[in-house]
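**Q** coords please:
(one chain, ligands or ions: 1)
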Amino acid sequence: MSKENLALRDAAVIWHPFTQHQIEPISIPIASGKGAYLVDTDGKKYIDAISSWWVNTHGHGHPYLAQKVYEQALQLEQVIFAGFTHEPAVRLSERLLSHLPPNFERVFFSDNGSTAVEVAIKMALQFFHNQGNTKRRKILAFADAYHGDTFGAMSLGAPSSFNDPFQDMLFEVEFLPSPQDTEACLAAMSSLNSDEYAAFIFEPLIQGAGGMKMYEASTLDALIRMAHEKGMFCIADEIMTGFGRTGKWFAMDYLAEKPDIVCFSKGLTGGMMAMGLTLCSETIFQSFLSDDRRKMMFHSHSFTANPLACAAANASMDLMEKEETWASIARVESRHRAFAETLKNHTILKNVRIHGSILAMEVETGEKDGYLHSIRDDIYRYFLEQGILMRPLGNTIYILAPYCIEDEDLAYIYDKIKAFAQGLI
Ligand SMILES: *Cc1c(COP(=O)(O)O)cnc(C)c1O
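**A** From the prediction side, this is the model:
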């Protein structure tokens with residue numbers, strides 16, 4: 001099957017996500033993946049600099065992950081998770097909890113990041129509902145936040161071009177200023193009415209889709225402390241930051257104050273299978289216990305705790321528990337830091353920032369920053385032509401690669417970033 005032929009068949013029948021088909025009618029058919037590389041049906045290789053939308057942590061086609069999923073498929077591929085359980089789910093929950101602060105004691109399974117967020121919001125709102133508290137119905141989030149694409153998750157996202165068509169249908173959420181503005185955030189938080197809020201949700205330390213915006217742990221610590229004083233639950237959306245991305249297991253490991261609920265997906269299975277998790281404290285779980293069935297958690301998806309996804313997550317945990325994985329993460333970070341040194345005083349590549357394995361910067365052209373920035377398509381196409389999958393957020397370019405990426409592949413990406421900027425001068 002030729003590459004063109006497959007691309008044309010695709011273009012006739014498939015509607016792709018986050019794609020303007022009028023401008024980008026053709027998708028690249030990928031045949032295989034190995035390590036940090038994707039290979040198209042003509043054999044052209046692309047360095048996957050964004051881990052295929054932030055999910056792939058250990059590289060593509062990982063034989064150990066593949067083997068574990070295969071073994072599980074022969075054993076048990078799926079079972080209803082209401083009234084039934086299985087070893088891969090129990091083991092995964094026990095292992096995850098052992099890596100989290102001790103206040104986390106319960107694991108709820110779903111299918112993806114957005115659903116993990118929906119469940120978190122339901123936990124917080126129903127906690128108060130079950131207690132007969134009708135006042136705490138509001139949710140608090142940050143400016144520039146992104147928490148997913150379902151209606152609840154969209155409501156929690158900052159108003160943007162992503163959810164413009166639906167803005168009038170979304171539930172009301174109070175937005176704090178950008179967490180990069182510590183003083184404004186603390187002032188806004190302290191002025192909030194104490195008894196109206198159920199939860200405060202945030203992407204800890206890095207706001208991903210909002211533009212890889214990084215902010216201080218001390219700011220978040222102060223906000224969590226105030227939120228707790230005001231009696232709301234704190235929800236850490238670690239869907240992008242979890243599983244080593246920031247240089248520690250979780251971004252919350254940089255915090256002194258601990259959240260009450262945490263959401264995982266993306267890197268959870270090493271990028272192998274779709275799964276979401278929402279973990280919470282025993283206090284929250286207990287509030288759903290009752291002789292009255294109306295107090296239980298009314299949320300489930302057909303594939304909740306799918307055994308294959310659990311097997312992939314357990315296998316990914318095996319790799320995460322190996323020293324060499326952490327050595328790779330540290331190596332990637334040190335490469336990023338050396339590259340950032342060479343960008344000091346660069347006239348076009350600005351705001352270079354690093355957190356663990358994530359490197360981000362803005363391409364400054366004088367135009368306002370943002371997701372629909374006109375240079376976005378030029379950047380995307382340029383890097384694809386160079387054999388690099390790099391999907392900028394407007395004029396923000398970033399590297400968020402599988403941890404196994406080789407130094408020479410990083411060096412190649414760095415060179416091309418500089419070459420692209422050179423072409424703008
Ligand atoms: C990607 C992402 C989500 C949504 O996850 P999906 O699996 O795409 O639904 C939510 N929150 C954050 C921080 C994310 O990066």
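**Q** hang on, residue 28 packs against residue 45?
**A** No. Here residue 28 does not reach residue 45: they are 11.7 Å apart, not a contact under CB atoms under 8 Å. (Glycine included, C-beta is placed from N, CA and C.)
**Q** in space, what's closest to residue 210 - neighbours in sequence excluded?
**A** Once flanking residues are discounted, residue 210 sits nearest to residue 144: 3.5 Å by CB to CB, 6 or more residues apart in numbering.
**Q** oh, I was asking about residue 124
**A** residue 199 is the one closest to residue 124 (CB to CB, 6+ apart), at 3.7 Å.
**Q** who are the contact partners of that neighbour?
**A** The contact partners of residue 199, by CB atoms under 8 Å, 6 or more residues apart in numbering, come to 120-121, 124-125, 139-140, 232-235, 261.
**Q** next one: residue 142
**A** 158, 175-179, 185, 202-203, 207.
**Q** rerun at 7 Å
**A** By CB atoms under 7 Å, 6 or more residues apart in numbering, residue 142 lies in contact with 175-176, 178-179, 202, 207.
**Q** give me the phi and psi for it.
**A** phi -100, psi 150 (degrees, to the nearest 10).
**Q** you'd agree the residue nearest to residue 124 is in a helix?
**A** No. Per DSSP: H, G, I helix; E, B strand; the rest coil, residue 199 lies outside any helix segment and is strand.
**Q** may I have the beta-bridge partners of it?
**A** Beta bridges link residue 199 to residue 139, residue 233 when assigned by DSSP bridges.
**Q** over to residue 106?
**A** Here residue 106 sits in beta bridges with residue 280, as judged by DSSP bridges.
**Q** how close does the residue nearest to residue 124 sit to residue 261?
**A** Counting by CB to CB, to the nearest Å, the gap from residue 199 to residue 261 is 8 Å.
**Q** okay, and the common contacts of these two?
**A** By CB under 7 Å, 6+ apart, the residues touching both residue 199 and residue 261 are 124, 233, 235.
**Q** closest one to residue 67 out of those residues, please.
**A** Using CB to CB, residue 235 comes nearest to residue 67 of these, at 35.0 Å.
**Q** which helix or which strand is home to the closest one?
**A** Here residue 235, judged by DSSP states H and E, is contained in strand 233-237.
**Q** in that strand, what's buried?
**A** For strand 233-237, the neighbour count (16 or more other CB atoms under 10 Å) marks 233-237 as buried.
**Q** give the other helices and strands that that strand contacts.
**A** With contacts taken as 3 or more CB pairs under 7 Å, 6 or more residues apart in numbering; DSSP states H and E, strand 233-237 sits against helix 113-130, strand 197-202, helix 217-229, strand 261-264.
**Q** tell me the mean pLDDT over the following helix or strand past the second one?
**A** Next along the chain after strand 197-202, taking DSSP H and E as the criterion, comes strand 206-207. Per-residue pLDDT over strand 206-207 has a mean of 98.
**Q** give me the residue from the chain nearest the ligand.
**A** As assessed by CB to the nearest ligand atom, the ligand sits closest to residue 113 within the chain, at 2.0 Å.
**Q** contacts only, for that residue.
**A** Listed by CB under 7 Å, 6+ apart, the contact set of residue 113 reads 148, 239, 263, 265-266, 276.
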